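In: Everything below, folded, please.
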Amino acid sequence: MKYLIPIIILFALLSSGAVCFAGAFGEAALSGGIIYPQGTFNRYADQGGVINFRITIHIPQVEMFAGWFDFGLGRFSRDEFETYKKTEIPNGPTFYDPITQITSEDMVTSHIGLQLASMTRKAFFRPRAALGFGLYGFSHKIEWTEEDGDSTVAIATESLHHKTCWGWRAVIGADLFFTPQWGASFDVVYDHVFNLRQKETMDVFSKNTSRFNGFTVGIVYMFETGKK
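Out: Numbers count the residues shown, from 1 in each chain. The predicted structure follows:
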């Protein structure tokens, strides 16, 4: 849990700073959807579910630009693949026995950045694009099993291994406002995570740049902090 403290602090600072823009307005959105690991990370987790909370604060006099930040939770589907167990015999041969590695992974994220949005607060369709820098926290459980006759035996388990990484997020989306304050939110999300520590086998680790694609749908609420 201590590895997630920087993310929680960042989100708290961003939330408290949102009210500092005198005369500003913005939107708050809650959405859920699917996240797809790409590249090296798809060997450790399959697609899963994600929930995102987003706040944008439009800059007075320049309404098309907005300060943007979010907080999200993701849970990947359980994944498994074949690897090996290394057994060394003193003054003898080394054996590599086939085993199965089963991985389950969770993710916590928080970002801050800039959003380019619609120039009007009254349109039904309001496209937007955002880019932000942030922190990613991962925790996972790994279990190794091997076949013993007609049964499967767990030979080792590693639980709650935490990793915190820097990365960035790009979002392309749109809000459809059915009333002056309430609407539907649609997003296509790309995450780029640096130096994510991954387990290759029971004894070998590596650090890789990992990528994620996501799609979310939710609700958005428009709020005012000053005069219209």
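
In: For Ala29, grab the count of nearby residues.
Out: When neighbours are counted by other CB atoms under 10 Å, Ala29 registers 22. Heads up, the C-betas are built off the backbone N, CA and C, glycines and all.

In: and it, bridged to which residues?
Out: Counting by DSSP bridges, Ala29 is bridged to Arg54, Val220.

In: how about it, what does it touch?
Out: Residues in contact with Ala29 (CB atoms under 8 Å, 6 or more residues apart in numbering) are Asn52, Phe53, Arg54, Ile55, Asp175, Ser185, Gly218, Ile219, Val220, Tyr221.

In: Likewise for Ser104?
Out: For Ser104, the contacting residues are Ala45, Phe76, Arg78, Asp79, His140, Lys141, by CB under 8 Å, 6+ apart.

In: Pairing partners for the one helix or strand Ala66 maps to, with directions?
Out: Taking DSSP states H and E as the definition, Ala66 sits inside strand 62-77. Taking DSSP bridges as the criterion, strand 62-77 sits next to strand 46-59 (antiparallel), strand 94-117 (antiparallel) in its sheet.

In: Columns mean pLDDT on top of the ones you listed, output as a markdown table?
Out: Listed next are the strands paired with strand 62-77 as a markdown table, based on pLDDT from 0 to 100:
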| stretch | mean pLDDT |
| --- | --- |
| strand 46-59 | 89 |
| strand 94-117 | 85 |
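
In: Of those strands, flag the one that's most buried.
Out: Across these, averaging neighbours per residue (mean count of other CB atoms under 10 Å) puts strand 46-59 on top, at a mean of 20.

In: Can you give me the pLDDT of Met1?
Out: In this prediction, Met1 carries a pLDDT score of 45.

In: Now do the phi/psi pair for Gln61.
Out: Backbone torsions for Gln61, taken as degrees, to the nearest 10, come to phi 70, psi -20.

In: Renumber starting at 40 from here on
Out: From this message on, residue numbering opens at 40, which makes the last subject Gln100.

In: Now do it against Met261, distance only.
Out: As judged by CB to CB, to the nearest Å, Gln100 and Met261 stand 18 Å apart.

In: where's the nearest residue to Ser116 once chain neighbours are set aside relative to Asp109, distance?
Out: Leaving out its chain neighbours, the residue that sits closest to Ser116 by CB to CB, 6 or more residues apart in numbering is Asp85, at 3.9 Å. Asp85 is 23 Å from Asp109, where distance means CB to CB.

In: on that earlier part again, format the contacts of Ser143 as TSV; extra columns: distance to Ala105, pLDDT and neighbour count.
Out: Shown next, in TSV, are those (distance: CB to CB, whole Å; pLDDT from 0 to 100; neighbours: other CB atoms under 10 Å):
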residue	distance to Ala105	pLDDT	neighbour count
Ala84	32	65	25
Phe115	30	84	25
Arg117	38	75	14
Asp118	37	73	19
His179	34	76	20
Lys180	38	77	15
